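Asker: can't give you the sequence, but here's the structure:
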Ligand code: GRF
């Protein structure tokens with residue numbers, strides 16, 4: 001992509017990853033234009049962060065809709081006003097319908113707080129501690145119709161520390177998310193990384209495995 005990548009960031013809560021994107025754009029480390037921040041939750045603190053940064057916001061509550069498909073259609077109509085090239089899911093706590101994923105095929109990124117394919121789903125930090133794993137981390141991946149199963153782009157990994165709590169582990173994972181998510185989005189926005197035929201392509205080559213950064 002030669003022109004600046006128009007990006008929509010979707011949130012449901014605190015938006016610390018959103019803040020990392022805002023900060024990276026502001027200091028020139030991230031060549032994206034954040035066109036809109038969308039939330040399904042009017043109380044999401046991330047909406048305040050966006051307003052403070054002078055970014056357009058939009059909110060549609062899923063509880064106002066009868067089913068997932070009609071909610072997703074309303075979200076598509078709202079987002080398409082901004083003609084996004086890229087959608088960044090940053091703590092967006094909604095499962096996307098197949099129609100939504102197909103509408104933005106190859107243009108949706110998610111960050112999941114685990115080293116996928118291990119620990120899809122919720123409560124990842126506690127599950128890692130319960131299993132006694134030596135490594136944990138977070139994964140940026142393209143979104144496909146199957147939850148947390150799209151092709152992986154970049155992982156950040158950290159060693160677990162004996163005796164730490166799930167909250168402590170979560171905080172350490174989030175601090176690496178704030179580094180790897182803008183970085184992976186930059187790769188996609190610049191065209192260095194693409195989604196083709198269900199795979200991740202990096203620098204023109206099909207990548208079987210994600211890039212891994214150890215922190
Ligand atoms: C992140 O930890 C991310 O991995 C998960 O949701 C969390 C969002 O946190 N998908 P925040 O709202 O960006 O602070």
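Answerer: Now that the structure is in, tell me what you want to look at. Because the structure is predicted, anything quoted here is derived from the model rather than measured. Numbers count the residues shown, from 1 in each chain.
Asker: Every contact and neighbour count from this point should use C-alpha atoms.
Answerer: OK.
Asker: Wait, a helix at residue 51?
Answerer: Yes. If the criterion is DSSP: H, G, I helix; E, B strand; the rest coil, then residue 51 is within a helix.
Asker: mind checking how far it is from residue 88?
Answerer: Residue 51 is 18 Å from residue 88, where distance means C-alpha to C-alpha, to the nearest Å.
Asker: neighbour count winner among these two?
Answerer: residue 88 (26 against 12; other C-alpha atoms under 10 Å).
Asker: The more buried one and residue 109 touch, don't they?
Answerer: Yes. Contact criterion C-alpha atoms under 8 Å: residue 88 and residue 109 qualify, at 5.1 Å.
Asker: Residue 75 and residue 59: what is the separation?
Answerer: 9 Å.
Asker: how deep is residue 120 tucked in, by neighbour count?
Answerer: Neighbourhood size, residue 120 [other C-alpha under 10 Å]: 15.
Asker: got a list of what the closest residue in space to it that isn't next to it in sequence touches?
Answerer: Excluding its sequence neighbours, the residue lying closest to residue 120 (C-alpha to C-alpha, 6 or more residues apart in numbering) is residue 148, at 5.7 Å. Contacts for residue 148 (C-alpha atoms under 8 Å, 6 or more residues apart in numbering) come out as 112, 116, 117, 120, 121, 141.
Asker: count of neighbours near residue 99?
Answerer: By the criterion of other C-alpha under 10 Å, residue 99 has 14 neighbours.
Asker: where does it land on pLDDT?
Answerer: Here, the pLDDT recorded for residue 99 equals 97.
Asker: Name the residues of the host helix or strand of it that come out as buried.
Answerer: According to DSSP states H and E, residue 99 maps onto helix 98-103. Using 16 or more other C-alpha atoms under 10 Å as the test for burial, helix 98-103 gives 100, 101.
Asker: same for it, what does it pack against?
Answerer: Secondary-structure packing of helix 98-103 (3 or more C-alpha pairs under 8 Å, 6 or more residues apart in numbering; DSSP states H and E): helix 68-80.
Asker: Determine how far the helix it packs on lies from the middle of the whole chain.
Answerer: A distance of 18 Å separates the centroid of the chain from that of helix 68-80, by C-alpha atoms, centre = their mean, to the nearest Å.
Asker: contact partners of it?
Answerer: With contacts defined as C-alpha under 8 Å, 6+ apart, helix 68-80 is touched by 8, 36, 38, 58, 60, 62, 64, 65, 96, 97, 99, 100.
Asker: mind listing what the fifth one touches?
Answerer: For residue 60, the residues meeting the contact criterion (C-alpha under 8 Å, 6+ apart) are 39, 40, 41, 42, 74, 75.
Asker: and which of the residues you listed is nearest to the ligand?
Answerer: Using C-alpha to the nearest ligand atom, residue 39 is the member of those that lies nearest the ligand, at 10.8 Å.
Asker: one step back: what two of the contacts of residue 60 have the greatest distance between them?
Answerer: Put simply, by C-alpha to C-alpha the two of those set farthest apart are 42 and 74, 15.6 Å from each other.
Asker: about what we covered before: any idea which of the contacts of helix 68-80 is the one closest to residue 183?
Answerer: Among the contacts of helix 68-80, and counting by C-alpha to C-alpha, the member closest to residue 183 is residue 8, at 16.0 Å.
Asker: next one: phi and psi at that closest one?
Answerer: Note on residue 8: backbone dihedrals following degrees, to the nearest 10 are phi -110, psi 130.
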